[in-house]
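1. Let me see the structure of the following:
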Amino acid sequence: MRKLITEFIATFFLVLTVGLTVTGGKGDFAPLAIGSVLMVMIFAGGHISGAHYNPAVTLAVLIRGRISISGAAGYWIVQFIAAFAAAYTVMFLMGDKVPSEAAAMADATHGLVAELIGTFALAYVVLNVATAKGNSGNSFYGLAIGFTVLNMAYALGGISGGAFNPAVATGISLLHLASWSDFWVFLVGCFGGGALAGVIFRINNPDDK
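-> Prediction:
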């Protein structure tokens, strides 16, 4: 239960930060806040749950072999519940600034590729800094993962919105910061990127079971 509580709390604050910074008009500073809150939540909860906070990362860890299917299912449930809770909290706090509707992506194909690349980078870093035996006990994993989100948000956010996380995609769709018509782009791109990272890790680390 403590793992699920940790995943809920951190995913909630991640999606909450995304919603509040974007609706609050923080613009170019939003990725800095988002990467930072992810970093601190990883340091806060990594020793308890492994600090996934992202259904696509959970898929990558499942493929990598560090979580069971039942464990992954529990993580997915609380991550998406946290996204709903965070989105409705943003509505309560900033309801007057939440858009009434969102425009669709200019190019869904480009958005799909951007989400796949960004999520792959994130999950690849998570697997290698937080789960690899060669990096066991390191003190930098939270910073590495947070900066990956920061970098990918600046590099690819203008193309897809820069979710790299199906829970975040759920939150921004509920807040009309992304169109529900593009939700499939986030699901396919994020879960695809996570799955690819898991496969690559197994290929590159055949003895790290």
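2. okay, CA-based contacts and neighbour counts for the rest of this
-> Noted.
3. And the helix ranked longest in the chain, what does it pack against?
-> If you go by DSSP state H, the chain has its longest helix at helix 69-94. Other elements packing on helix 69-94 under the criterion 3 or more CA pairs under 8 Å, 6 or more residues apart in numbering; DSSP states H and E are helix 2-23, helix 55-64, helix 166-174.
4. Give me the angle between the second one and helix 166-174.
-> Angle of helix 55-64 versus helix 166-174, following axes from the mean of the first three to the mean of the last three CA atoms, to 10 degrees, is 160 degrees.
5. which secondary structure elements does helix 55-64 contact?
-> helix 69-94, helix 108-126, helix 166-174, helix 183-204.
6. nearest residue to the spatially most central residue of the chain other than its sequence neighbours?
-> Closest residue to the average C-alpha location of the chain: residue 165 at 3.3 Å, with CA atoms, centre = their mean. Excluding its sequence neighbours, the residue lying closest to residue 165 (CA to CA, 6 or more residues apart in numbering) is residue 54, at 5.4 Å.
7. The one you found and residue 7: what is the separation?
-> Look at residue 54 and residue 7: by CA to CA, to the nearest Å, they are 9 Å apart.
8. any common contacting residues for these two?
-> Any residue near both residue 54 and residue 7 by CA atoms under 8 Å, 6 or more residues apart in numbering counts here, and that gives residue 79.
9. tell me the contacts of the closest residue to residue 16 other than its chain neighbours?
-> For residue 16, ignoring the flanking residues on the chain, the nearest one in space by CA to CA, 6+ apart is residue 86 at 4.9 Å. Contacts for residue 86 were tallied using CA under 8 Å, 6+ apart; they are 12-13, 15-16, 19, 171.
10. try it again with 7 Å
-> 12, 15-16 (CA atoms under 7 Å, 6 or more residues apart in numbering).
11. Export those residues as TSV, with columns for neighbour count, pLDDT and distance to residue 30.
-> Output for these, formatted as TSV (neighbours: other CA atoms under 10 Å; pLDDT from 0 to 100; distance: CA to CA, whole Å):
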residue	neighbour count	pLDDT	distance to residue 30
12	27	98	16
15	30	98	12
16	26	98	12
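12. In JSON lines, list these along with distance to residue 105.
-> JSON lines is the format used below for the contacts of residue 86 (distance: CA to CA, whole Å):
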{"residue": "12", "distance to residue 105": "25"}
{"residue": "15", "distance to residue 105": "20"}
{"residue": "16", "distance to residue 105": "22"}
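13. Could you single out the nearest of those residues to residue 183?
-> The nearest member of the contacts of residue 86 to residue 183, counting by CA to CA, is residue 15 at 15.8 Å.
14. ok, that closest one to residue 128 distance?
-> Between residue 15 and residue 128 the distance is 24 Å, computed by CA to CA.
15. From start to finish, how long is stretch 202-209 in a straight line?
-> 8 Å.
16. quick one: that stretch to chain centroid distance?
-> Relative to its parent chain, stretch 202-209 has a centroid offset of 24 Å by CA atoms, centre = their mean, to the nearest Å.
17. Much appreciated, bye for now.
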